[in-house]
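[1] give the three-dimensional model of this entry:
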Amino acid sequence: MIGISKYGVYLPVKRLKIEEMDRAAGGPGRGKGEKAVASFDEDSLTMGVNALYESGILDEGSLDALFFASTTAPYLEKSAAALIAETLPFAPPNFTVDFSSTLRAASNALILAQNFQESGGSKIALTAADIRLADVYSAEERAIGDGAAALVLTSGADSLAVLKYATSTSQEILDTWRKNTDQLLKMTEPHFRFKYGFTDVVTRAFTQFLKQSGMGVGDIQHVAINAPNVKLFLGTLKQINLEPAPLTLRLYQEIGHTGVSFGLLNFLAELESAKVGENILWLDYSDGANALLFRKTQEIEQPQMGKAISEKIYLNSYNDFLRLRNLVVSEAAPMEPFTSAVMNFREKRQNYALMAQRCKNCGEVTYPHNRICRKCNAKDNFEYLPISREGTIFTFTKEYLYPSPEGVAVTASADMDSGLRLFLQVTDSDYDKIEVGQRVRRTFRKLHDAGGFHNYFWKFRVIGEK
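    Residues are numbered from 1 along each chain as shown. Just a heads-up that it's a prediction; the model follows:
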């Protein structure tokens, strides 16, 4: 029996108020709610990494498999899961798989994780993330947000929740789609796609689940649904006489529909509000539907959802959102930084996992890596050790001439808790209020596009006052 031993929630701190979108479209600015907006240096891969780090996966030490679910993976032909595995400070698992092309990719991955565990895999990490785009000023653009979530799955012993039953149904329908040449979502008219693409298939999956599991509606205390909007979500719950958890409603009102990760985020919100022994049914839809029943087996000591929803930096305008999405046309000559696929391969432990090196001869710790110890001159005699996630700003600088969608580029040197001074760019912070002594946490980001591929590295985000 597969169980959830850890989970992580990652929501971008940037928020766009719906009223700002209304004003940009020429309206009176009376729209309600807001949406989470990934920054210019984020994509689904970086958010997936950060969700894994929020889960406490660094304490695990090893994995048997790593699954990544997304409809917006940064590559059409290259495994994102394999790259994500390299960001962890231990040997990557031998089995890494990408799940894509459907909004129920995360629950598909979880069902297959159960099968993988039954064949001998004892510890699996699953992370899900999406950054989707719709037509400007459209209702879909208002409803879509960005976010990620991650699970660490084990054999069920000492788990927060265990998977008791799972069933699936498939249905071919063109309700929402993107071709491989499309950047924006395509969709049929709302009545058709909501009735036949969502309501009918979710109802059929729910009925099938009750019949096959032998359970009744009264055996279910919580339902998490990957519904396209809050009206359909509440309407489905009303049919089975259940109320949503307050945090689940906040996801719709303050974050928006986050694609593949939204069903998982809904499930985690309901899991946090459930009592030990209660059942949570996760209904995940898209070209069919999955029904997964979990039973909560332990109290959650440190809930994450409320904190992740509440951390916010508001964008000033809809134009700021367009700049972050690179949708503002510019004739400025692009900068092409130097990069190398060979160098990326050689420096994986240094750049992706952010591992320092320690001289086995004298114990000197250095970063970046060298072949010669700067203290004792020993050659190629090092071992790796992870750099801590958090540190304290020692000094910083602001650059206003460097081309940045945010108008300023900030870099900082920080004394990390593991005892090393690290120099990184700063992102997603109030740049006017940065001070020496503030606490920072490293976050995985897209550094730039060069050489025809994405280049990833770490940055700092301010997390507290000094």
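[2] how about the CA coordinates for stretch 375-383, as PDB?
    This file holds the C-alpha atoms of stretch 375-383, laid out as PDB (Å, rounded to 0.1, in the frame of the first residue of the first chain):
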ATOM      1  CA  LYS A 375      44.900  25.700   1.000                       C
ATOM      2  CA  CYS A 376      47.100  22.700   0.700                       C
ATOM      3  CA  ASN A 377      47.500  22.300  -3.100                       C
ATOM      4  CA  ALA A 378      46.300  18.700  -3.100                       C
ATOM      5  CA  LYS A 379      45.000  17.700  -6.600                       C
ATOM      6  CA  ASP A 380      41.700  15.900  -7.400                       C
ATOM      7  CA  ASN A 381      41.200  14.800  -3.800                       C
ATOM      8  CA  PHE A 382      37.800  16.100  -2.900                       C
ATOM      9  CA  GLU A 383      34.400  14.900  -1.600                       C
END
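[3] how far is it from where the chain is centred?
    Relative to the chain's own centre, stretch 375-383 is displaced by 38 Å; criterion: Cα atoms, centre = their mean, to the nearest Å.
[4] wait, isn't A24 in contact with D320?
    No. Between A24 and D320 there is no contact under Cβ atoms under 8 Å: 10.4 Å. C-beta here means a position set from N, CA and C on the backbone, and glycine is covered the same way.
[5] between the two, which one's more packed in?
    Neighbours of A24 and D320, each counted by other Cβ atoms under 10 Å, are more numerous for D320; the result is 19 against 16.
[6] helix, strand, or coil at that one?
    helix (DSSP: H, G, I helix; E, B strand; the rest coil).
[7] cool, D449 as well?
    Per three-state DSSP, D449 ends up strand.
[8] what bridges to the residue nearest to it when sequence neighbours are not counted?
    Nearest non-adjacent residue to D449, counting by Cβ to Cβ, 6 or more residues apart in numbering: N455, 6.9 Å away. Note on N455: beta-bridge partners H448, judged by DSSP bridges.
[9] now do the same for N455: its pLDDT.
    N455 is assigned 95 on the pLDDT scale.
[10] count of residues packed around I313?
    13.
[11] report the contact partners of the residue nearest to the spatial centre of the chain.
    With distances taken as Cα atoms, centre = their mean, the residue of the chain nearest its centroid is A148 (2.2 Å). Residues near A148 by Cβ atoms under 8 Å, 6 or more residues apart in numbering: 9-11, 44, 47-48, 50-51, 127-130, 258, 261.
[12] and if we set it to 7 Å?
    10, 47-48, 50-51, 127-129, 261 (Cβ atoms under 7 Å, 6 or more residues apart in numbering).
[13] is it true that it lies in a helix?
    No. A148: not assigned to a helix; according to three-state DSSP it is strand.
[14] from the contacts of A148, which land in strands?
    Judged by DSSP state E, those include 10, 127-129 as members of strands.
[15] tell me which two of those sit farthest apart.
    Y10 and A128 (10.3 Å; Cβ to Cβ).
[16] shaky segments in the stretch 251-400 of the chain?
    329-335 (pLDDT under 70).
[17] can you pull out the strands in the stretch 251-400 of the chain?
    Assigned by DSSP state E, counting those that start in this stretch, the strands in the stretch 251-400 of the chain fall at 279-285, 288-296, 313-314, 355-359, 365-366, 382-386, 390-399.
[18] just put those strands in TSV and tack on distance to A227.
    Below are the strands of the stretch 251-400 of the chain laid out as TSV (distance: least, Cβ to Cβ, whole Å):
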stretch	distance to A227
strand 279-285	8
strand 288-296	11
strand 313-314	26
strand 355-359	42
strand 365-366	50
strand 382-386	40
strand 390-399	36
